[in-house]
Every structure is written in C-alpha cells, then in structure tokens.
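Need a 3D model of the following:
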Amino acid sequence: DGRRYAYLAGWKEMHIVDVTDPSNTEVTGVYIDPNTQVLDVKYLQYNGREYIIVQNQLIDAGNAEPNVGEWEDPAQVTVTLVDVTNKADPSWVDSWYDADHPSGPHNLYTHMIDNEWYIFVANPDYEECDVGQGDACGGITIAHINFAGYGDLPRIVKVGEAEVSWETTRGGWIYIHDMTVQTWPGTDQNDPRYGKTYVYGAYWEAGLRIFDVSDVPHPQNDLAEYLAIAAACRGSWGTQAGCNWRAPEVGLWMDFIDFDGDGQPDSGTTGNENGGRASYIHYAEPFDSMLDASHLGYPAGPRHLTFLATEVLSTTHGSGMAYLLDTTDYELLNGQVRFKPVLINDWEIPFGEDHCYGADCHTDPDAEEWLLFSPHNADTAIFETGSSGRPDTSHGGNWDARIYLSHYHAGLWIIDVETLMAADSTMNRTVLYRDATVGYHLPHGQDGVPLDSSYYDFGWVPFLWAAEYHDGFVYLSCITSGLYIVQLD
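Residues are numbered from 1 along each chain as shown. Take a look at the predicted model:
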C-alpha cells in the first residue's frame, strides 16, 4: 500500500507499526498469543499476500496466561504463520509443533530456495536429548512453507534439521541460539559455492557453524523425495523416529579470544569462562555482499565477511565480545566444500573491560543485573562511496560498512568495519574499540524519570533485543518498552 511497517515482538503480542513517518508512528494492528512468549518475528511475501512467522517459546511460565506452565503443551511452543495482509486484522494461518524440541523455538529465519519459501528455527537444548540415538539436540528445524498443496491455506511442512558435529566441539554449553541464511553472494561461477545456500549458526561454545542447505527436500526439484520426507516428518511429529534428513556441516570457527593468556580460547571447558564474555556465541550474520578490501592490504578480489556477537550473563570484567570474520577461503575435502573462517578482529564496548555486572561482579554483585550490558542481535549494512554526495568516511576504497549492534541496557552501538579490518594484531584493544565506534544511542526518558515497561518487566528499561538498519534509519526493538527509531546525525 506504499507505506512502511515494522513488525515487533511484544511478549504475548506482535505489534504492526506504521513507521512511514518515523517521527509519528502508529500501531495499526496487534496479534495476541496469550499462551506463550513471542520473541522473534520474520516477514515474507507470497502471491500478493503478506505473512509473518513468529516463534512461541515458554521462557517464563509465570508470565503465560493462562498460566499452564508446561513446555510440552503444543499451544505454547510452536512456530506460527500469521497473515498480515490486512494491517488492522492479522490472522492465524498455521502452526507447527516439533515434538523433538519441547522447550519450543527461540529464533527464526526465512529464506527462499529455488523459488520456494523455507523457515529455519533455532531450538534450544533440553534435558531429554540423547545424541546417541540421533536426537538433533538443540538443532535447527528446517521447514517448507507449502503454498501450493492446500489452496489458499499455506501449511508449514518440516523436512529436516541441521545439527552441530558434536565430535568437533570442545564440549561446554552448546546449543543453537540464532542463525542467518544466505545464498552465496559471489559471482564467480567457478567457485563451488556459487548459487548454493548456507546457514550461519550461532552455537554458543561451539562457535560459528555453517551448514549447506542447497539440497534441502524441495517440491520442485524432487517431488517424490519431498513428499516422502514430509510425510515421515509429520507422522513422527518431527522426531528422529521418521524425520531424518540432515544438512551437512561445512564450516566452523571457535577460536575465541584468549584473555588469560594460557594459549587456549576462553570458554567453559578451557578456563576463564567469565559469564561467556568471549565464548557464548549468540548471533551470526554474513554481510549481504562481498567486498574488495585490497585498499586495506587484503588479497585482490571480493572478500566474504561474517559478524558474530556473544550473549553474556554476568562478568568479572567486560561487557561481551563481538567478532568480525573473513569467511572467504575454503578447501575441498573428498569433493565437499569446507569453509576456512579466519578472525579479522574483535570488538567490545570501549572501556568495557573496566566494568562488570551481574552476580559475578566483584565490586557490586547483583543477580538482578544479569545480561545488563551484554550484546544481543545486530544488523549490517554496506554503502557505496565515491560518487557525488557520497564521500568515503572511513579508510578509502569505494565502500563503507557498518555494524549496528544492540546491547540490552547499554543501547545501540554502531561499528565501522574498515577500522576493524585495517588494524593489526598489535594495536591496543581499547584504542581500537574506541576508534571503530561510530556512535551509540541509549533510549531514555526525561532525566530522572524511568521509561515505562509496557511488555515484559525485566527490571531494566530499556532492554534492547534487536537493531535493524533500513533506508537511513535504525529500528530498535526493546522487550520492555517497545520500538525506537534513530538516525545518525
């Protein structure tokens, strides 16, 4: 309709907000799901209609209405498809309950593969999981949205999972928290990754995990296989009893920073865990396009970058790390592509190492301050420079790139990519983090007046979960108080 909308998770609700005029927003519709907690929303279009996917996960049973409090209740722990074509009246279309993951989904992603929509669902771990019998413990559910088989009633059809190769981990706290899906952005047709689709998964202490989903069961590519696998998944409620297609893992990175200097990455199994400051990889996102960084001393040709961020519970020092990786290089092992990610540089809130929070904070231990300054979700953007009206503002070349990283109670932080790429390993980290910081914003009310908590009261307002850049504005989602829209001056 020519207008711009934001779709905002709000605990028991999903709000549709008209943001066409960023300074005068209006809630046009609300989808209410009182049985659960809605934390993530993704948008898609098909055949002239608009849909969103929301996840239902029981994080806090005491805040479900009615207070059922049972993980295994399908009404509370589903993936739900909602028609939002009518912005004033969003309507339920379908739900999928995955019996293999009774804690419910935590995050979602939507991506089109060969002209068909697929959803990717991050399912946290659970106590009953048995790796030995084939359970996808905290795996990524992969489901097709079938718009063709049921007339005007699209259906969610699970077709398989992706799961970390457990033998390549160091142990510790391992589960999928979030992921981004991308069709390889390179244009070199001799690259075996050309045209293929990969999942970049944030697997906590298993780090970054990359999966190849190019050959996912697909109704256009192999209808017989698709129907057989879909029927087996539905008949077994998504469990390994019948739902056995797995996407192969084709890359990993878990070389976290070594703060204690013992020669091993900091983590729960190698020492100096510190609330996950270095190792709880919570978010992963590859950049949309490949970039020529030869002006920064990198090899000629396009480079593929991936951004990672941690989620940190409490610390003795620091707020929580972010990492910029070069995920360009690969090797072929027995004919299969294997990514070879390399760390470019890390980042943390400048002077964050001088502070602490939560129960582990030695100067002021307070369990109520869990997650207080931790990173959470992020977005990335690339800007062409050098033309009239678009001067380069970083280190030359014909592009600038930014990372928009939300921190719970520490606000939005905007990071310059080229500054991280240009710095060498000997540069003082505090200086690097400061130099790479373009700006920050902490949503606030009038001085001395706390912001109201309209959704879920974590005890801290704001509590930013997400930052999304779009067409000059950054949209911030706060789980306690709603939506903020900001812009660099």
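
In the sheet, which strands lie alongside the helix or strand containing Leu325, parallel or antiparallel?
Under the criterion of DSSP states H and E, Leu325 resides in strand 322-326. Strand 322-326 has the following strand partners under DSSP bridges: strand 305-310 (antiparallel), strand 342-347 (antiparallel).

Buried residues, the last one. List them.
It refers to strand 342-347. Neighbour counts over strand 342-347 (16 or more other CB atoms under 10 Å) mark Ile344, Asn345, Asp346, Trp347 as buried. For glycine as for every other residue, the C-beta is placed from the backbone atoms N, C-alpha and C.

so after the strand holding Leu325, what's the next helix or strand?
By DSSP H and E, the next helix or strand past strand 322-326 is strand 330-333.

Can you verify Leu420 is assigned to a strand?
No: using DSSP: H, G, I helix; E, B strand; the rest coil, the assignment for Leu420 is helix, not a strand.

The strands paired with strand 322-326 into TSV, with extra columns for mean pLDDT and distance to Ala162?
Shown next, in TSV, are these (pLDDT from 0 to 100; distance: least, CB to CB, whole Å):
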stretch	mean pLDDT	distance to Ala162
strand 305-310	98	16
strand 342-347	97	23
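
Identify whichever of these lies nearest to Tyr200.
With CB to CB, the closest approach to Tyr200 among those belongs to strand 305-310: 6.0 Å.

So the residue in the chain sticking out farthest from the centre, which state does it fall into?
Distance from the C-alpha centroid of the chain peaks at Ser388, with 34.9 Å (CA atoms, centre = their mean). Following three-state DSSP, the label given to Ser388 is coil.

From Asp83, how far off is it?
44 Å (CB to CB, to the nearest Å).

cool, Pro391 as well?
44 Å.

hey, where'd the helices end up in the stretch 301-450 of the chain?
417-422, 429-436 (DSSP state H, counting those that start in this stretch).

Quick test: name the residue nearest the centre of the chain.
Asp178 (4.0 Å).

Thought Phe120 was touching it, still the case?
No: with contact defined as CB atoms under 8 Å, Asp178 does not reach Phe120; the gap is 10.1 Å.

Check the closest residue to Asp188 other than its chain neighbours and give its pLDDT.
Among residues not flanking Asp188 along the chain, Tyr194 sits closest, at 6.3 Å (CB to CB, 6 or more residues apart in numbering). The model reports Tyr194 with a pLDDT of 97.

tell me the secondary structure for Asp258?
From three-state DSSP, the assignment for Asp258 is coil.

How much space separates it from Gly207?
Distance from Asp258 to Gly207, by CB to CB: 14 Å.

which one of the two has more residues nearby?
More crowded of Asp258 and Gly207, by other CB atoms under 10 Å: Gly207, with 27 against 16.

wait, what's in contact with the closest residue to the more buried one other than its chain neighbours?
Ranked by CB to CB, 6+ apart and with sequence neighbours excluded, the top spatial neighbour of Gly207 is Met254, at 2.9 Å. If a contact means CB atoms under 8 Å, 6 or more residues apart in numbering, then Met254 has Thr169, Arg170, Glu205, Ala206, Gly207, Leu208, Pro265, Ser267, Ser279, Ile281 as its contacts.

Over to Thr437?
Pro350, Trp413, Ile414, Ile415, Asp416.

at 6 Å what do you get?
Listed by CB atoms under 6 Å, 6 or more residues apart in numbering, the contact set of Thr437 reads Pro350.

what's the pLDDT at the closest residue to Tyr203 other than its chain neighbours?
Nearest residue to Tyr203, sequence neighbours excluded (CB to CB, 6+ apart): Arg209, at 4.9 Å. Arg209 carries a pLDDT value of 96.

when you give positions from now on, start the count at 498
Noted, 498 is the first residue going forward, which turns the last one into Arg706.

ok, Arg706 touching Trp663?
No: using CB atoms under 6 Å, Arg706 makes no contact with Trp663, being 10.8 Å away.

neighbour count winner among those two?
The neighbour count for Arg706 versus Trp663, taken as other CB under 10 Å, is higher for Arg706 (29 against 11).

tell me which element the more buried one falls in.
Counting by DSSP H and E, Arg706 is part of strand 705-709.

returning to that earlier point: output the buried residues of strand 839-844 in TSV, with distance to Ala744 appended to each entry.
Shown next, in TSV, are those (distance: CB to CB, whole Å):
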residue	distance to Ala744
Ile841	26
Asn842	30
Asp843	28
Trp844	30
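
low-scoring stretches of the protein, by residue?
531-533, 554-574, 597-601, 621-635, 646-649, 951-955 (pLDDT under 70).

Look through it and tell me its longest helix.
helix 720-732 (DSSP state H).

Mind listing what's buried along that one?
Tyr723, Ile726, Ala727, Ala729, Cys730, Arg731.

any chance of the residues you listed in TSV, with distance to Val538 too?
As requested, the buried residues of helix 720-732 are exported to TSV (distance: CB to CB, whole Å):
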residue	distance to Val538
Tyr723	27
Ile726	28
Ala727	25
Ala729	30
Cys730	24
Arg731	25
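
Pull the most distant pair out of those residues.
Tyr723 and Arg731 (12.2 Å).

What are the boundaries of the strands in the stretch 598-747 of the chain?
Using DSSP state E, counting those that start in this stretch, the strands of the stretch 598-747 of the chain run over residues 604-610, 613-619, 637-643, 652-659, 675-680, 694-699, 705-709, 743-744, 746-750.

now the fifth one against strand 802-807, angle please.
Right, the one you point to is strand 675-680. 170 degrees (axes from the mean of the first three to the mean of the last three CA atoms, to 10 degrees).
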